[in-house]
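Novice: sequence? don't have it. structure:
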């Protein structure tokens with residue numbers, strides 16, 4: 001994309017988010033780097049530099065967002081908290097061994113997973129990407145590392161996988177390097193390692209007519225010959241002009257032995273390659289920047305993720321080259337940060353705390369929460385939902401992290417909120433929103449299994465124990481009574497024996513539905529299945545007359561056979577009733593006495609109900 005097209009695209013985006021036009025002001029590099037540092041300190045990725053002498057680790061630099069693990073950067077830098085003390089003891093040796101192995105093999109970029117102790121005492125699993133920094137003689141000076149929390153995800157369609165994130169983290173670290181040449185070398189090196197390719201070339205072609213070809217940057221694997229002369233010669237020829245016309249039609253053009261273009265095949269043969277990806281960034285009327293990702297003698301199969309990664313790298317590099325040509329545009333670091341933020345699947349935006357207007361939003365936010373006319377989608381946009389939750393959170397004195405549910409979008413988000421100083425020196429709010437929808441649905445499923453009966457959907461015994469405790473407390477405080485009705489289906493075993501378990505299960509489900517409907521005239525009433533053919537109805541704060549009405553409905557229903565799977569099945573009820581808190585102040589005590597009363601109904605001939613009294617006797621009166 002050209003500079004003019006980029007400016008047009010950014011203006012359109014900024015017009016969408018409250019008319020903020022970034023191109024109206026030239027941002028000085030120091031200030032923009034300050035903003036970048038603040039944003040980096042508020043996203044969930046810790047950057048640090050370590051020095052190690054005889055397995056003694058010293059932190060030279062660490063970003064302020066180490067606070068996510070409960071520590072301040074000063075505590076770490078001043079050794080009030082030592083780095084090795086916050087690593088899990090079982091992992092510390094492995095970290096040292098891994099580092100030593102990579103040092104000896106001169107593998108200066110590697111990833112490792114270990115556990116970090118939070119200041120509150122628990123351990124957090126982290127992914128660490130490490131780059132070994134050596135001096136000119138090859139002696140190790142530092143270890144540059146990024147730490148990100150290891151969050152498992154079941155979403156197989158995620159646009160960015162963990163391996164790609166590691167590579168992006170490395171590119172992010174490289175982009176902070178002030179030396180442009182060194183930054184470019186680091187980016188190209190990490191790109192080559194991730195893609196498993198042998199060389200990357202960047203050419204600047206100032207004029208197709210004059211064939212003025214300049215190799216701006218070249219990276220190659222250590223065991224590869226340069227091959228730059230053949231690349232320059234090809235693009236200096238008429239065939240090079242034809243190839244440029246072909247590849248300009250595509251964002252990224254893959255050339256291999258299956259390619260239909262004879263010119264493209266000729267280019268492969270000229271540079272002795274079997275597979276490559278190439279793109280042309282036409283930055284002006286006659287100016288081309290050609291980037292070549294070359295697998296050389298390996299016939300690489302370019303996956304969708306490879307292409308996505310290359311496109312991201314192209315964006316990174318094109319922005320760096322553009323900044324080197326024009327120092328008055330937004331700084332290179334800022335542009336790379338913006339590209340990264342716009343490719344993060346999480347929702348990121350910056351808002352004015354006074355009027356809640358948005359001054360920056362990444363592409364993920366704009367795609368899901370802003371319509372094509374620039375207005376918020378629906379009536380419950382993410383911004384408004386967060387603003388509402390913030391008011392409630394402030395009243396709880398807890399606004400750093402909270403969860404919100406966006407019913408309209410079928411999403412549940414975890415929201416991290418921090419204050420940052422914006423370009424104009426004013427305080428703004430940075431919001432980072434993580435999609436917790438899958439985790440939330442999984443937790444709801446687990447909770448439903450834990451609290452309900454799998455067959456009938458009614459609450460189970462554990463659920464009853466939780467609810468009855470509050471009901472007893474409420475009954476005592478209001479000086480009122482509640483009732484527990486213990487129900488057993490008479491001769492239920494005969495249903496299973498005579499008709500089969502399918503009929504037995506269907507009868508249980510039918511009775512559960514009837515019981516739930518009968519008692520739910522009062523929304524505070526609850527029905528439970530304790531297992532087998534035993535059911536319990538909880539009637540909190542009820543009068544004897546209300547209890548009588550429920551019992552009469554239950555006894556009247558069983559006068560008629562149940563219609564189960566096209567068969568008529570007779571099944572009566574034996575019922576025991578306990579009044580609380582009069583005859584019990586704990587779940588165990590109440591259920592025991594309700595069971596005694598139900599047993600009295602059984603031995604009295606079944607199809608009856610009995611109420612527990614202090615003499616453990618049964619009576620049929622309800623008043």
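Specialist: That came through, no problem. Everything numeric here is computed off the predicted structure, so don't read it as measured data.

Novice: and the pLDDT for residue 342?
Specialist: For residue 342, the pLDDT comes out at 79.

Novice: that one is in contact with residue 361, isn't it?
Specialist: No - Residue 342 is beyond contact range of residue 361, at 9.4 Å (criterion: Cβ atoms under 8 Å). Glycine gets a C-beta too; all of them are placed from N, C-alpha and C.

Novice: between the two, which one's more packed in?
Specialist: residue 361 (27 against 18; other Cβ atoms under 10 Å).

Novice: find me the pLDDT at the more buried one, would you?
Specialist: 83.

Novice: touching, it and residue 346? I think so.
Specialist: No - here residue 361 does not reach residue 346: they are 11.8 Å apart, not a contact under Cβ under 8 Å.

Novice: ok, residue 401 - how many residues close by?
Specialist: With other Cβ under 10 Å as criterion, residue 401 counts 13.

Novice: how close does it sit to residue 386?
Specialist: Per Cβ to Cβ, to the nearest Å, residue 401 is found 12 Å from residue 386.

Novice: shared neighbours, the two?
Specialist: When contacts are counted by Cβ atoms under 8 Å, 6 or more residues apart in numbering, residue 401 and residue 386 have 415, 417 as shared neighbours.

Novice: buried residues, the one helix or strand residue 416 maps to. List them.
Specialist: Per DSSP states H and E: residue 416 is located in strand 411-421. For strand 411-421, the neighbour count (16 or more other Cβ atoms under 10 Å) marks 411-418, 420 as buried.

Novice: and that strand, how far from the chain's centre?
Specialist: 13 Å (Cα atoms, centre = their mean, to the nearest Å).

Novice: paired strands for that strand, with orientation please.
Specialist: strand 401-406 (antiparallel), strand 427-435 (antiparallel) (DSSP bridges).

Novice: can you list the ones you listed in JSON lines and add mean pLDDT and distance to residue 131?
Specialist: Converted to JSON lines, these look like this (pLDDT from 0 to 100; distance: least, Cβ to Cβ, whole Å):
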{"stretch": "strand 401-406", "mean pLDDT": "73", "distance to residue 131": "30"}
{"stretch": "strand 427-435", "mean pLDDT": "84", "distance to residue 131": "25"}
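
Novice: generate TSV for these, with distance to residue 71 as supplementary columns.
Specialist: Converted to TSV, these look like this (distance: least, Cβ to Cβ, whole Å):
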stretch	distance to residue 71
strand 401-406	17
strand 427-435	20
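
Novice: which one of the ones you listed lies nearest to residue 100?
Specialist: Comparison of the strands paired with strand 411-421 against residue 100 by Cβ to Cβ identifies strand 427-435 as nearest, at 35.5 Å.

Novice: outside of the closest one, which residues touch it?
Specialist: Contacts of strand 427-435 (Cβ under 8 Å, 6+ apart): 38-39, 42-44, 345-353, 359, 365, 382, 386, 411-422.

Novice: swap in stretch 530-541?
Specialist: Where contact means Cβ under 8 Å, 6+ apart, the residues beyond stretch 530-541 that reach it are 453, 458, 460-461, 464, 467-468, 471, 474-475, 478, 480-489, 492, 508, 511-512, 515, 519, 522, 524-529, 546-547, 550, 591, 594.

Novice: buried ones in that stretch?
Specialist: Under the neighbour-count criterion of 16+ other Cβ under 10 Å, stretch 530-541 has 530, 533-541 buried.

Novice: what's the average pLDDT for that stretch?
Specialist: For stretch 530-541, the per-residue pLDDT averages 91.

Novice: now swap in stretch 474-487 and tell me
Specialist: Stretch 474-487 comes out at a mean pLDDT of 92.

Novice: that one: how far from the chain's middle?
Specialist: Relative to the chain's own centre, stretch 474-487 is displaced by 44 Å; criterion: Cα atoms, centre = their mean.
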